[in-house]
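Enquirer: Return a 3D structure for these sequence lines:
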Amino acid sequence: MTTPSTQVSSTEDPSATGKPVTPSAIPKDRTAQYQGTRMLTESGLDLDHVPPDPSREDLRYEKRPGRGIMTGPSLVSVVWSAPKAPSRAQCEEALGAGLPAGHVFGHTAPGTAFCMWTNVDNVAFVRVSGPEGEEGVPVDIVVWPKQPA
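Expert: Here you go, the predicted model:
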């Protein structure tokens, strides 16, 4: 199995190829507990609810310079730079070498994507699907339920 690069190259960056990243770019995954597009606002999102609801449990968003999208203070995340959305297994593998807990992405450019553990150990993939607006930033989300022990 190949592990995606955590660095974006010009050949992997969707904006460099001129191919827009759209919600339809993520294939439907029947194993997901939730898959769809939500608006990430300053109220945040709790990805463990179906559908994700406003809460600062998992994802946070601030318009202040240098802030942008942040994962919860105790959650691990990893940048996903491959143009195709990952499977649950690919996200889990990438999370093995994740960023420090409570990562701040600091920008909200369309196409920015990452995998993360939620606060109840579900696996999630999040990708910014459009430009930042007055209310927040639209994000495509796939959340897979925690694997039984």
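Enquirer: can we go C-alpha only for contacts and neighbour counts from here?
Expert: Noted.
Enquirer: Can you give me the end-to-end span of stretch 63-72?
Expert: 16 Å (Cα to Cα, to the nearest Å).
Enquirer: what do you get for stretch 48-67?
Expert: Stretch 48-67 has an end-to-end distance of 23 Å (criterion: Cα to Cα).
Enquirer: For it, give me every contacting residue.
Expert: Contacts with stretch 48-67, where a contact means Cα atoms under 8 Å, 6 or more residues apart in numbering, come from 33-34, 38, 40-47, 68-72, 75, 104-107, 118-120, 122, 136, 143.
Enquirer: Any buried residues in it, and which?
Expert: 48, 51-63 (16 or more other Cα atoms under 10 Å).
Enquirer: and which of those residues is nearest to Trp80?
Expert: Leu59 (16.1 Å; Cα to Cα).
Enquirer: Can you check the pLDDT for that closest one?
Expert: With respect to pLDDT, Leu59 scores 92.
Enquirer: same thing with Ile26?
Expert: For Ile26, pLDDT reads 82.
Enquirer: One more: Pro65?
Expert: Pro65 carries a pLDDT value of 74.
Enquirer: so how far is Asp53 from it?
Expert: Separation of Pro65 from Asp53 (Cα to Cα): 25 Å.
Enquirer: And the strands in the protein?
Expert: In the chain, the strands defined using DSSP state E lie at 34-40, 59-62, 68-71, 77-79, 113-117, 123-128, 137-144.
Enquirer: What is the first one packed up against?
Expert: In other words, strand 34-40. Judged by 3 or more Cα pairs under 8 Å, 6 or more residues apart in numbering; DSSP states H and E, strand 34-40 is in contact with strand 59-62, strand 137-144.
Enquirer: try it again with 6 Å
Expert: strand 137-144 (3 or more Cα pairs under 6 Å, 6 or more residues apart in numbering; DSSP states H and E).
Enquirer: go on, the fourth one?
Expert: Packed against strand 77-79 by the contact rule (3+ Cα pairs under 6 Å, 6+ apart) you find strand 113-117.
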